[in-house]
Structure formats: structure tokens, C-alpha cells
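> Sequence and predicted structure, then a few things I'm wondering about:
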Amino acid sequence: MLGHQAAYVDHLLEVVESERVDLVVLAGDVYDRALPPVDAVRLANEAFTRVAASRARLVVTSGNHDSAQRLGFGSELIDAAGVHLRTHPAGVGTPVLLGDEHGPVAVYGLPYLDPDHLREPWDLPARSHEAALTEAMRRVRADLSGRPGGTRSVVLAHAFVAGQAPVTPSESERDISVGGVSIVPTSVFDGVSYAALGHLHGRHALTETVRYSGSPLAYSFSEADHRKGSWLVDLDAGGLAAAEFVDAPVPRSLARLRGVLDDLLLDPALARHESSWVQATLTDEVRPREPMERLRRRFPHTLQLSWEPAGARAGSGASFRPAAGRSDHAIALDFLEELRGRPASDVEAALLLDACDSCTPDRDLDRTADAGVG
């Protein structure tokens, strides 16, 4: 998907110029893993360089997928270029300062804050993400209180923040509850002009001033119905003036198809999905032969395939039967039945018995155990 990610960077720079954007914020994750591929690092470097050369400043914080140490390398030097990397908890109360015709704007970058790592140095009252972010926001407010009246504030944070409406996570988001109770209330960000959140891959407006933009591309089929893009936010003298969602380009859409294989291959209504990433669930009563190869002749970008035969009972597969004390032949028969949804014929059972015999030092062993089968 590197080419699709590069296309999003092109789109972002077009929006910066066409909308005269002053600030771009990225609240993690920059990468998908602590040790990202070289090509991903190269693209991130290109993106940062292009934003630095544009009219906009850039503030980036690390997420739970990132390595804070690696992403933050050289941040003090890079600041001079207008790219501000904020990856260390100690700096949460030190803003990047900007200004416009309405006065100053203080931008506070809060990286992903692991409660386990911060509980002792920050003397947190609980092992929770709410406790860590509450302390971080206390430091933000302490700094903000010492600035001139009318200073507006933007906070970047990477966490699972929930409002009144339920939020459904994506399958491609990494669980952060291992570092403590994960859910953080929106009230933690009360009093700031705008809070730009990272972590959830779907866009969410939790309150007027607390929002997720989501990921710029879909990274799992659970995101097939997501609308991808970014929030274009305007601040006036009083704080938030407007927030408009700007749709990102969709180089390749996602499709979740379900049905009998022949129907999927012949249905003219599915032509629109022939260039999509496809997740297919087959409902044929008998498992079709070479299903992936046949699907990819029509849907060349099929990535996932599963088989859920119509009418099958959950948990009825042969894989639930214990293997101890049973012959290889009996296990092979169970496997065949589970694989294609119907038992072996007498001829097939006999062939399997011969195959098992040929692999057994004692050629009478399976025939003794399976007396009466075949």
C-alpha cells in the first residue's frame, strides 16, 4: 500500500495549499511498528520534508505503534525546519507556539502515554490511561495559565477516548488496555480550544472540540464502511470557529462479499468490486475446488477467503473431536469431512486407508483399528 500512502501525501499537500493551512498535526501512529520498513521511513521523510517546504508547520507525536525513541531522534534539530516531533512525556507541558491575526496559539503534543511507565515518575493515583492523560493535561493547563489572556490551545493526544456515543474499534488498531484501563473520557480535554486525537482508525466527533480524524487509508476489512480523510479546523479569536471533514482519495476500495462461489463469479452487480480489495466468504454446501484461484480471475485483489457452508452448525466440525486413541485413518476421514462439508465415499475411504497403510511400519495397524470401516 506504499503507493496509496504516497498518494495521500500528495492530497495532503494539495489541501495545505488550496485551503491555506497554517498547521498540520499528526497524533500518531506514524508507523505501524516500532521497527518500520525502510521504504516506510523513506516515505515519512519525504512527507515531512514536503510539509516543511510548504506554508504549514507540522507537529507530530508518537503513537502506541511507534518507537518514541526512534521517531524522536534529532527532534531538537528538526524543530528549526518547522517540523516538531514530540515523543517524550517530559515535554507535554511545553508547547509549539504559533500566531495569527487573532493572537497566539499554543500547540501541545502529547505522545502515547503508557501508565505502567509513568505511574512511578508521575506519581499517578491509578494504573489507567485516564490518570496519565489527566496529569499530562494538568501540566498543559499549568503552562497555559501563565500565557497571555486569549491564547488559544490545540492538544494532540493518542488514546482511546470515548464520548456519549459508543465507539467501535477497528481490527487493525492495537489494543492499549495492556498498559492499564484504556478508556479516557472527553472531559479530560475540557477547556482547550481543540483536541486532535489519534489511535482509532475511524473518524469520530466526540464533542465539537474533541475529534478523531481516523487513518487516511483503510487497514482492515472492518474499515470497509469508513469515510477516510482529515478535519480542516478553523480557529478564530474565541477558539474553534469551524471544522469540516475533507475526504481523502480512495485508490482502491474494500469489499466484503458473501455467497455461493458461482454466484459471486457471475453476478453482474458485483462488477464494481473487480478492482477492490476483496474479503470473500463462501457459503457453498460443499467446499469448491481451487476457490481462491477462481475468485482472483474475476477479483484479482482478493486478500481473504473463508468458507461458512449454509446450514452448518457452529462448533460441529471434526476438529473438536479428540485425536488420542484414534487411528490415522479415522483422523484423515474427519479432516476430509470438515474440509469439504461431507463425508468420504466408500471408495475414497478405501483410498485413504491404503495411503495411511503405506506410511505405517505395521501395515496391519490401521486396518485393525479401523475394522469394519471402508
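Sure thing, it's come through.

> Worst mean pLDDT across the helices and strands of this structure, which element?
The helix or strand of the chain with the poorest confidence is helix 365-369; it has a mean of 51 (mean pLDDT, DSSP states H and E).

> in the chain, which spans are helices?
Applying DSSP state H to the chain gives helices spanning 2-18, 38-52, 68-71, 75-78, 115-118, 129-145, 261-266, 291-298, 328-340, 346-358, 365-369.

> Most tightly packed of the ones you listed?
helix 129-145 (a mean of 19; mean count of other Cβ atoms under 10 Å). The way it works is simple: take the backbone N, C-alpha and C, and place the C-beta from them, glycine included.

> Need the mean per-residue confidence for it.
The pLDDT scores in helix 129-145 average 97.

> shaky segments in the chain?
For the chain, the stretches flagged by pLDDT under 70 are 164-169, 172-181, 311-323, 341, 361-374.

> per the record, what domains does it have?
Split into domains by automatic domain parsing, the chain comes to 2-247, 254-307, 318-369.

> Contact partners for the nearest residue to residue 39 once chain neighbours are set aside?
Leaving aside its sequence neighbours, residue 39 sits nearest to residue 2 (Cβ to Cβ, 6 or more residues apart in numbering; 5.6 Å). Neighbouring residues of residue 2 by Cβ atoms under 8 Å, 6 or more residues apart in numbering: 39, 40, 43.

> gap between residue 2 and residue 37?
In this view, residue 2 and residue 37 are 9 Å apart by Cβ to Cβ, to the nearest Å.

> for residue 126, same thing?
Note on residue 126: its distance to residue 37, by Cβ to Cβ, is 37 Å.

> didn't residue 244 look like it was pressed against residue 232?
Yes. Counting by Cβ atoms under 8 Å, residue 232 is a contact partner of residue 244 at 4.8 Å.

> More neighbours: which of those two?
The residue with more neighbours, out of residue 244 and residue 232, is residue 232; 14 against 11, by other Cβ atoms under 10 Å.

> Let me know whether the more buried one touches residue 22 as I believe.
No. The pair residue 232 and residue 22 fails to qualify as a contact (Cβ under 8 Å) at a distance of 11.4 Å.

> Which among the helices of the chain is found nearest to residue 93?
helix 129-145 (3.5 Å; Cβ to Cβ).

> and that closest one, C-alpha only, in PDB?
Extracted in PDB, the C-alpha atoms of helix 129-145 (Å, rounded to 0.1, in the frame of the first residue of the first chain):
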ATOM      1  CA  HIS A 129      -4.700   5.900  30.700                       C
ATOM      2  CA  GLU A 130      -7.200   8.400  32.200                       C
ATOM      3  CA  ALA A 131      -4.800   9.000  35.100                       C
ATOM      4  CA  ALA A 132      -1.800   9.500  32.700                       C
ATOM      5  CA  LEU A 133      -3.700  11.900  30.500                       C
ATOM      6  CA  THR A 134      -5.200  13.800  33.400                       C
ATOM      7  CA  GLU A 135      -1.700  14.500  34.700                       C
ATOM      8  CA  ALA A 136      -0.500  15.500  31.300                       C
ATOM      9  CA  MET A 137      -3.400  17.900  30.900                       C
ATOM     10  CA  ARG A 138      -2.600  19.300  34.400                       C
ATOM     11  CA  ARG A 139       0.800  20.300  33.000                       C
ATOM     12  CA  VAL A 140      -0.700  21.700  29.900                       C
ATOM     13  CA  ARG A 141      -3.100  23.900  31.900                       C
ATOM     14  CA  ALA A 142      -0.400  25.000  34.200                       C
ATOM     15  CA  ASP A 143       1.600  26.200  31.200                       C
ATOM     16  CA  LEU A 144      -1.400  27.800  29.500                       C
ATOM     17  CA  SER A 145      -2.400  29.700  32.700                       C
END
